[in-house]
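Novice: prediction below, plus the sequence it came from.
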Amino acid sequence: GEPDLSVTVNGLKMPNPFVIGSGPPGTNYTVMKRAFDEGWGGVIAKTVSLDAGKVINVTPRYARLRADPNGSTKSPIIGWQNIELISDRPLETMLNEFKQLKKEYPDRILIGSIMEEYNKAAWHELIERVEESGVDALEINFSCPHGMPERKMGAAVGQDCALLEEVSGWINEKATVPVWSKMTPNITDITEPSRIALKSGSEGIAAINTIMSVMGIDLKTLRPEPCVEGLDSVPWVVFWSMSIYC
């Protein structure tokens, strides 16, 4: 017979250890269902927050990073530059899709990725609502480089150990399912905030989110890539998260 690939992590039994990272493959019910149909043991959904109305994703928001330093279109693609934000779909829509997925695939692991502003009540409300949808665990987005740092979200928290400790405390006093903190690589020493997240109650660490990179330039127009009506934002290279569990 075939080998048994099942694993148990933080009390969650997966048919195999292969998990889709939070990003485009976890955007909606259709793509997450496809992942389960193809045999993936778990899916981490696209990050959600309470007010999706504040999130505006534009297109195009991806650009190819080629291996050839001159950007030859024939050279291999080694990464994707992106200016993508978290989910811009209404939270209630995402929660309904989580419920449907758990109903159809009770033996698969569905993990909700969440991110919220520097507000204890908002974090608690988001955790409660996402847990009620039936997710098996929570991934805390302390890593998104486009996480609206002026509102103390995403990597702005993961890069500030004092802030990380405070917010992690709020999260872990409320959560009743395993919590995995997703850390940013764009910091001098990723082990320091990771230890603080674990000390504050997180069951595991997810690594990593996107890595800083140099933005591509269209040498004919001198516009950066990806370009939206002549404008652009901070550049990053997409490497969808790899997970490390403790």
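Specialist: That came through fine.
Novice: now S143: how far from V167?
Specialist: The gap separating S143 from V167 is 13 Å, by CB to CB, to the nearest Å. Placement of C-beta: from N, CA and C, glycine included.
Novice: so these two - more neighbours on which side?
Specialist: Legend: neighbour count by other CB atoms under 10 Å for S143 and V167, higher for S143 (31 against 25).
Novice: check what pLDDT the closest residue to the more buried one other than its chain neighbours gets.
Specialist: Leaving aside its chain neighbours, S143 sits nearest to N209 (3.4 Å; criterion: CB to CB, 6 or more residues apart in numbering). What the model reports as pLDDT for N209 is 88.
Novice: could we number from 17 for the rest of this?
Specialist: Yes, from this point I'll number from 17; that puts the last item at N225.
Novice: tell me who's in contact with N225.
Specialist: N225 makes contact with 157, 159-161, 171, 198-201, 257, according to CB atoms under 8 Å, 6 or more residues apart in numbering.
Novice: in strands only, show me those.
Specialist: Counting by DSSP state E, the part of the contacts of N225 found in strands is 157, 198-199.
Novice: I'd like those as JSON lines, with pLDDT, distance to G39 and neighbour count appended.
Specialist: Shown next, in JSON lines, are those (pLDDT from 0 to 100; distance: CB to CB, whole Å; neighbours: other CB atoms under 10 Å):
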{"residue": "N157", "pLDDT": "97", "distance to G39": "11", "neighbour count": "28"}
{"residue": "K198", "pLDDT": "97", "distance to G39": "11", "neighbour count": "29"}
{"residue": "M199", "pLDDT": "97", "distance to G39": "16", "neighbour count": "28"}
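Novice: name the nearest of those relative to F52.
Specialist: Nearest to F52 among those is K198, at 21.3 Å by CB to CB.
Novice: please name the bridge partners of that closest one.
Specialist: Here K198 sits in beta bridges with N157, A222, going by DSSP bridges.
Novice: cool, V64 as well?
Specialist: I130.
Novice: where does the protein dip in pLDDT?
Specialist: 87, 163, 230-231, 249-262 (pLDDT under 70).
Novice: can you show me the helices along it?
Specialist: Along the chain, counting by DSSP state H, helices occupy 45-53, 107-120, 136-148, 171-174, 177-190, 207-215.
Novice: quick revisit: from the contacts of N225, which single one is nearest S216?
Specialist: Nearest to S216 among these: M199, at 12.8 Å, using CB to CB.
Novice: verify the contact between that closest one and E208 for me.
Specialist: No: using CB atoms under 8 Å, M199 is not in contact with E208, being 9.9 Å away.
Novice: so what sits against both of those two?
Specialist: Shared contacts of M199 and E208, defined by CB under 8 Å, 6+ apart, are absent.
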